[in-house]
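Participant: Here is the input, now give the coordinates:
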Amino acid sequence: MLSNQPLNQSRSIHEIGRQRIIELNQESFDQLLTFVDIVPDNAFDLGFIESNFAKDRDAIIQALISHPDCQEMQFEVWDFPQPDLRFLMDEILKVLRTVKVQPHKKLILIVRGLEHSIGITGENPPMLVDINWVRDAYPINVPHPMLFCLPHYAITRIANFAPDLWAENSGIFVFKTPANTRDDAVSQTLDASKGITNGEVPEKQERIDLLKRFLMEYTPSNGREKTEEILKNRIRILNELGIAHRSRSEYPAAKYYLEQALDLAKNDEEFRYLKANTLHELGISYANQGEVAKAIAFYQESLELQEKIGNLQGKAATLHCLAGIYANQGELAKAIALYEQSLELKEKSGDVQGKAATLHQLAGIYAKEGEVAKAIGFYQESLELQEKIGDVLGKAATLPQLAIIYANQGEVAKAIALYEKSLELQEQIGNVQGKAATLHQLAGIYANQGEVVKAIAFYEESLELKENIGSLQGKAATLHCLAIIYATQGEVAKAIAFYEQSLDLEEKIGNDQGKAATLHCLAIIYANQGEVAKAIAFYEESLELQEKIGNIPGKAVTLHCLAIIYATQGEVAKAIAFYQQSLELKEQIGDSRGKAATFAMLGQLLADKKGDFGKALNYLQQSLDILQHLRSPDTETVRQIIAGVQQRAGN
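Facilitator: Predicted coordinates for the structure are as follows:
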């Protein structure tokens, strides 16, 4: 939005702040005073005020306006903060026409905000391309001295991308940042960055841009002293840049900044706390990409440091994350043990919010294990704590998980009510990411109910929100689910298109886990279409990724599916080998339900293709025992298969 109000009418800069910036930069300020004094009136002349923080730029302008030597000058201060600004001269001329020039005063124009349209990265910003193109028109159309107030990076980009205009400049007045401005700004930004993951794309980009500016301020160069405090803040900024990029699923960039932070912190005993935090964040980044072994290694190293420095809260958080990895790997006993350790530490340190989050995760494991009463109990306990401390965000996350349990129990109305309550809370606190996730889950319920139109509508709404917040990983997941719906509806071409879009995003962000899952699903489609060679190729590519990231449950399922294909093709020996490999992995991770399915398929294959009824019945009986223990509705089906095989064996 444009403002042509003089700065001293629209903003108030504290006198102390003004004195600090001028005292630190007296020589630059004197040069600026000389510039405004000697530039001719009624003639275009261009100067640049370089200062990295808006607060300091405002202080410099106010000091200039109020200086005794400038009382015979008329300053007009204009803001042009639009990021999509292209035709600067047109905007300047619009407001210049409204200016009432005071008699016997030199008119000096001051322009702020152009850093937004100049940007930090990218080639040939449109505004600079245009300003360079029309630079000869400025002396004719804007016959007055003009000062652009900009941070260092923006001035550098003008020199690079508008060289003809740059050649017109009559002075660059460089102002160093006072330590208090820099440190206060960094402190406020790092404290505020805790909610970055829930912000929308522009907000996240703004945070990233600001952090990059801070990073320049804390680079020991250009005569700046390399002190411990500067190094400490540099590590903190690099960490926050990593978190900000991770919140946008930009994992290569996240890891780039986090690894720089680690490199700076690794050899200094004073930075062990920061190093432990960086290792933890790297663990999260690798876990999100499905690189499980690497994630575990970073978490373990972080734990060791937290143990040494006695950081109970940090240790509890890392144990919690490690537990999540083992839960996803199907190693539920290990996951439960780690969650319980985390819970104990949170209890000890009085971290009620953390305790609620860990109870929430434990509930999820028990739900997966079919221990529904236990799961509901933990979710309810988590909700009580969230209610007690007013943790609306946590409550909004726990309600959908309870909804999943009720949906699985067939209590769909109850589930939908909980989802809707969660959506209300997400709306209330402006949690776009949570709202997108809940809409995604609601869509899943309607899909399972056969309400396909409703499901698609919710998935599309979720997709739009994920687009807004730049959640590429979330977007890939929703596209994947939409593909499943279209595949189920028999709209194969549409399903393949959505899977391929999902695959492109997973490739872009380096999400091997998501990529492996999508390749697996594409393989199923091609297998059902009778394109066996294509199906096998996709399964094998999926298998390779699962091997790389250590995804044992995924690998077990893909081996099982490959076995089915080879059995259908009559390659019995190959099919048996794949079933047995799948069984070994399911045994390893304690996947009872999966074992039952593979035992049943292997038993049928041996009976039908090999006539080995003894072995077949042995496998089928093992399947039946597991299903009976799990009280599975498939128990009766396997019992009937056994009866059929026994009859054939008797004949």
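
Participant: Skip the chain neighbours and tell me the closest residue to residue 376.
Facilitator: Nearest residue to residue 376, sequence neighbours excluded (CB to CB, 6 or more residues apart in numbering): residue 405, at 6.2 Å. For glycine as for every other residue, the C-beta is placed from the backbone atoms N, C-alpha and C.

Participant: separation between that neighbour and residue 619?
Facilitator: Separation of residue 405 from residue 619 (CB to CB, to the nearest Å) stands at 32 Å.

Participant: re earlier: pull the contacting residues for the residue nearest to residue 376.
Facilitator: Shown in contact with residue 405 (CB atoms under 8 Å, 6 or more residues apart in numbering): 367, 372, 375-376, 379.

Participant: if you set the cut-off to 10 Å instead, what comes out?
Facilitator: Residue 405 makes contact with 363-364, 366-367, 372, 375-376, 379, 411, 414-415, 418 under the criterion CB atoms under 10 Å, 6 or more residues apart in numbering.

Participant: between the residues you listed, which is nearest residue 635?
Facilitator: Residue 635 lies nearest to residue 372 out of the contacts of residue 405, by CB to CB, at 18.5 Å.

Participant: For burial, what's the neighbour tally of that closest one?
Facilitator: Residues within reach of residue 372, counting by other CB atoms under 10 Å, total 14.

Participant: and what of residue 239?
Facilitator: Residue 239: 25 surrounding residues under other CB under 10 Å.

Participant: Equivalent analysis for residue 103, please.
Facilitator: 5.

Participant: ranges for the strands of this structure?
Facilitator: Per DSSP state E, the chain carries strands over the ranges 45-50, 73-79, 106-112, 145-150, 169-174.

Participant: For stretch 640-651, buried residues please.
Facilitator: Buried residues in stretch 640-651, counted by 16 or more other CB atoms under 10 Å: 641-642, 645.

Participant: In helices, which of the residues you listed fall?
Facilitator: With helices defined by DSSP state H, the entries of these inside them are 641-642, 645.

Participant: Make TSV out of the residues you listed and add distance to residue 577 and pLDDT.
Facilitator: Compiled in TSV, those are given as follows (distance: CB to CB, whole Å; pLDDT from 0 to 100):
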residue	distance to residue 577	pLDDT
641	22	92
642	24	92
645	22	90
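
Participant: Centroid-nearest residue for this structure?
Facilitator: Nearest residue to the geometric centre of the chain (CA atoms, centre = their mean): residue 247, 2.1 Å.

Participant: tell me the pLDDT at that residue?
Facilitator: pLDDT, the model's per-residue confidence, is 78 for residue 247.

Participant: these two touch, right, it and residue 281?
Facilitator: No - here residue 247 does not reach residue 281: they are 11.4 Å apart, not a contact under CB atoms under 10 Å.

Participant: For the two, list the residues in contact with both.
Facilitator: Among the neighbours of residue 247, those also in contact with residue 281 (CB under 10 Å, 6+ apart) are residue 254.

Participant: ok, now how distant is the residue nearest to residue 376 from residue 399?
Facilitator: Distance from residue 405 to residue 399, by CB to CB: 11 Å.

Participant: which residues do these two both contact?
Facilitator: Going by CB under 10 Å, 6+ apart, residues that sit against residue 405 and also against residue 399 are 379, 418.

Participant: Out of the strands of the chain, the one nearest residue 556 is which?
Facilitator: Closest to residue 556 of the strands of the chain, according to CB to CB: strand 145-150, at 57.5 Å.

Participant: Mind listing the strands that closest one pairs with, and their directions?
Facilitator: Strand 145-150 has the following sheet partners, assigned by DSSP bridges: strand 45-50 (parallel), strand 106-112 (parallel).

Participant: okay, these in a markdown table with mean neighbour count, mean pLDDT and distance to residue 330 next?
Facilitator: As requested, those are exported to a markdown table (neighbours: other CB atoms under 10 Å; pLDDT from 0 to 100; distance: least, CB to CB, whole Å):
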| stretch | mean neighbour count | mean pLDDT | distance to residue 330 |
| --- | --- | --- | --- |
| strand 45-50 | 22 | 91 | 57 |
| strand 106-112 | 21 | 93 | 57 |
